[in-house]
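Participant: Show me the folded form of this:
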Amino acid sequence: MSDFPYRSTEKTLDLTVGNVGFLLDRLGQDCHPLQFLRELTQNSIEAIERCDDPSGEIVWDVDWDNYDLTGIYKLCVIDNGDGMTGPDMVQYINKLSSSTAEQSFIGNYGVGAKIAAATRNHEGLLYLSWRDSVGSMIHLWRDPSSNHYGLRQIRRPDGTYGHHGRIDPAVRPEMIKQHGTKVVLLGNSQDADTMTAPEGAASPSRWISKYLNTRYFRFPDGIAVRAREGWANPRDDRDRNYLRTLTGQEPYLAAHAESSGTLRLTGATAHWWILKDEPALKNNSGFVESSGHVAALYNNELYELASARGGMARLQQFGIILGYRYVVIYIEPTPHVGQLTTNTARTHLLANGEPLPWDEWAAEFRERMPSDIRDLIERLAAGSSSHDHAESIRERLRRILDLYKVSRYRPTPAGNMLVDPDTTARGGVARQAGEDRSGTQQRGGKRGGAAGGIYSIFLDPDGVPGTDVNPDPFPDVRWVSVEDGTREQGDMEDRAAKFLLDQNLLLINADFRVFADMSSYFVKQYESSPAVQEVVTDAVQAWFEQALVESVIGVQVLQNAQEWTIAEIKEALSPEALTTAVMPRYHVNNAVRRELGAKLGKIREQ
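Facilitator: Numbering: from 1, shown residues only. Okay, here's the model as predicted:
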């Protein structure tokens, strides 16, 4: 007998939503501005796959019927999938979390187009769909008087009103025979031009092609996807006003890579390509991502794609410190990482409800980097014109070791912080359980200080071997420049340097104007020649490098301190902070002047 016999007679009042419009608008804010392109394309793919013959077409085009009548460009998408009846559309389009496909937490949510498209088209979405050659129409919009989303009543030819109505066969697109669907995006007003790229969209003249090609890795076999470009040109100008065939990123990468491969990581497979050095690499084609970038790959779609500056930073995290213009990495999670799904807006992948472990994958990729990529980096590094100043900087710092010993943090007598009086390790006690000053869980560093402190930098290479407990805090240094191909435009632009904390790597921008200005200043003091230019540049770089190295070492000493979180350490070592570190000129000027005097003779008095 059940312990709860009354349960069989209980009744539940279903939960309802009091303000669906607010909920949709709020969810819509989480979507990428062009997310609706993916959602409506995916709906069309699934509609085609439900047909007996799972092959067909999807076309993003101008609604030429609307243009001929009004002169206004309206964007539409047409497919020859299985189509819907009028009642079907009322059922599936006018209900949130309702879909013709099977719903699941790892599949179709039934909310995508309603959120991503409807919230950006208050005037509405027109759905025209054919099933067995019979066409029906509905109009999903945001009622301007109530701000509610729903189906707008349609006035039928007989004078009656309804939420769906039959449509004349004359407006059926040529590619639709027995079944298919056309969706017209009306924008936020009757006179809105929805063919114009939304503000901020990449490649405005090819924005649909660019977004869908970079959103999909590949489209299903047998399904052709095309998008209109050059629509403002005359319709009979087929060279400029045409439909581009979309492929996704995979065919482009396969055609333009000099080498490629895969690398098994923990819970993922890394797919990588090294792109050929060709014009498309320098001048982005506009309809694909044609230079280095990183993304997550799942079910033949790309998520969390990082390109341009974001891609440079992510590639550097993966150890691609030089040549990131040439390298593409897609991480495809495997079931070992946990149950995979997406957030509701389908912008990010989640593993067991958590963000993907990018840091762990990046570290593993660095450790086991494919030889082709490592060779690329070494080849570019060999072409760098910078000199190695590490040994001379170490030697100079050896004389002032005591200045790098940081005393224990001690609060003022009036402070309210409790300090362990028995603590003797450098830096005091790291915040317990990852707490910050307010008690929030945030890791500030490991307990205590590194054994040997700053002296671990100067370990005798001939000494007795032992276990390397802590990495050498003395950073590896690389000077990078656009001129020799070791830096890309946009990376560290007008910044002095960048420090990669997880790799203990300091990248210094040889093109930074402060360095160039000081080099020019000293070159003018001597008779100009290539030899003088090289000596001056080397001296200037050496002393600015020392200032940056000292800043990195000095800040890293604070890593285990009670009052410094990892986030604060990173902020203190940011490109902006490192730029600040080289702004003082007096001491660098004096040091360079002495060195040049010894090498080139006395400087002329101005």
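Participant: Might one say that F219 is in contact with T247?
Facilitator: Yes: with contacts defined as C-beta atoms under 8 Å, F219 counts as touching T247 at a distance of 6.9 Å. Any C-beta I mention is one placed from the backbone N, CA and C, and that applies to glycine too.
Participant: Pick out the residue closest to the middle of this protein.
Facilitator: The centroid of the chain falls nearest to A306 when counting by C-alpha atoms, centre = their mean (2.7 Å).
Participant: For the residue lying closest to that residue once chain neighbours are set aside, which three-state class applies?
Facilitator: Closest residue to A306 apart from its sequence neighbours, by C-beta to C-beta, 6 or more residues apart in numbering: R314 at 4.4 Å. Three-state call for R314 (DSSP: H, G, I helix; E, B strand; the rest coil): helix.
Participant: from what I can see R314 touches V294, true?
Facilitator: Yes: at 4.3 Å, R314 and V294 qualify as touching, with contact defined as C-beta under 8 Å.
Participant: and those two? which has more neighbours close in?
Facilitator: Using other C-beta atoms under 10 Å, the more surrounded residue of R314 and V294 is V294, with 28 against 22.
Participant: Excluding its own residues, what touches the helix or strand hosting the more buried one? List them.
Facilitator: Using DSSP states H and E, V294 sits within strand 293-298. Applying C-beta atoms under 8 Å, 6 or more residues apart in numbering, the contact partners of strand 293-298 are 217, 271, 302-307, 311, 314-315, 318, 328-333, 340, 342, 349, 356.
Participant: That one: partners in the sheet, and parallel or antiparallel?
Facilitator: Here strand 293-298 has these sheet partners by DSSP bridges: strand 301-306 (antiparallel), strand 327-333 (parallel).
Participant: Arrange those strands in CSV, one row each, with distance to F544 and mean pLDDT as further columns.
Facilitator: Shown next, in CSV, are these (distance: least, C-beta to C-beta, whole Å; pLDDT from 0 to 100):
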stretch, distance to F544, mean pLDDT
strand 301-306, 30, 95
strand 327-333, 29, 97
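Participant: Span of stretch 391-404 from start to end?
Facilitator: 18 Å (C-alpha to C-alpha, to the nearest Å).
Participant: For it, list every residue counted as buried.
Facilitator: I393, L397, Y404 (16 or more other C-beta atoms under 10 Å).
Participant: what about the strands in the stretch 501-606 of the chain?
Facilitator: Taking DSSP state E, counting those that start in this stretch as the test, the strands found in the stretch 501-606 of the chain are 505-509.
Participant: Okay, now the unreliable bits of it?
Facilitator: Along the stretch 501-606 of the chain, segments meeting pLDDT under 70 span 603-606.
Participant: All the helices of it, in order from the start?
Facilitator: Per DSSP state H, counting those that start in this stretch, the stretch 501-606 of the chain carries helices over the ranges 513-523, 530-556, 566-572, 575-581, 586-600.
Participant: Need the winner for burial among those.
Facilitator: Most buried of the helices of the stretch 501-606 of the chain, by mean neighbour count (mean count of other C-beta atoms under 10 Å): helix 530-556, with a mean of 19.
Participant: Dump the strands paired with strand 293-298 into a markdown table; add distance to H389 as well.
Facilitator: Below are those laid out as a markdown table (distance: least, C-beta to C-beta, whole Å):
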| stretch | distance to H389 |
| --- | --- |
| strand 301-306 | 32 |
| strand 327-333 | 28 |
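Participant: and D494, which of these is closest to it?
Facilitator: strand 301-306 (21.7 Å; C-beta to C-beta).
Participant: And the contacts of that closest one?
Facilitator: The contact list for strand 301-306 (C-beta under 8 Å, 6+ apart) reads 38, 214-217, 249, 289, 293-297, 313-314, 330, 342, 346-349, 356.
Participant: Now list the buried members of those residues.
Facilitator: If you count burial by 16+ other C-beta under 10 Å, the buried members of the contacts of strand 301-306 come out as 38, 214-217, 249, 289, 293-297, 314, 330, 342, 346, 349, 356.
Participant: Of the strands paired with strand 293-298, flag the one that's most buried.
Facilitator: Mean neighbours per residue, mean count of other C-beta under 10 Å, is largest over those for strand 327-333, with a mean of 24.
Participant: so what secondary structure elements neighbour the helix or strand following that one?
Facilitator: The helix or strand immediately downstream of strand 327-333 is strand 340-342, counting by DSSP H and E. Helices and strands touching strand 340-342, by 3 or more C-beta pairs under 8 Å, 6 or more residues apart in numbering; DSSP states H and E, are strand 349-351.
Participant: and the next helix or strand after the strand it packs on, how far out from the chain's middle?
Facilitator: Per DSSP H and E, the first helix or strand lying C-terminal to strand 349-351 is strand 354-355. Computed by C-alpha atoms, centre = their mean, to the nearest Å, the separation of strand 354-355 from the middle of its chain amounts to 15 Å.
Participant: Run the angle between the next helix or strand after strand 354-355 and strand 293-298 for me.
Facilitator: Next along the chain after strand 354-355, taking DSSP H and E as the criterion, comes helix 358-367. Relative orientation of helix 358-367 and strand 293-298, computed by axes from the mean of the first three to the mean of the last three C-alpha atoms, to 10 degrees: 110 degrees.
Participant: which stretches of the stretch 51-200 of the chain form helices?
Facilitator: 64-70, 86-93, 112-116.
Participant: how about the ones you listed in a markdown table, adding distance to S133 and mean pLDDT?
Facilitator: Converted to a markdown table, the helices of the stretch 51-200 of the chain look like this (distance: least, C-beta to C-beta, whole Å; pLDDT from 0 to 100):
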| stretch | distance to S133 | mean pLDDT |
| --- | --- | --- |
| helix 64-70 | 18 | 95 |
| helix 86-93 | 14 | 90 |
| helix 112-116 | 25 | 82 |
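Participant: Let's have those in a markdown table, adding mean neighbour count and distance to K276.
Facilitator: As requested, the helices of the stretch 51-200 of the chain are arranged in a markdown table below (neighbours: other C-beta atoms under 10 Å; distance: least, C-beta to C-beta, whole Å):
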| stretch | mean neighbour count | distance to K276 |
| --- | --- | --- |
| helix 64-70 | 13 | 39 |
| helix 86-93 | 18 | 46 |
| helix 112-116 | 24 | 36 |
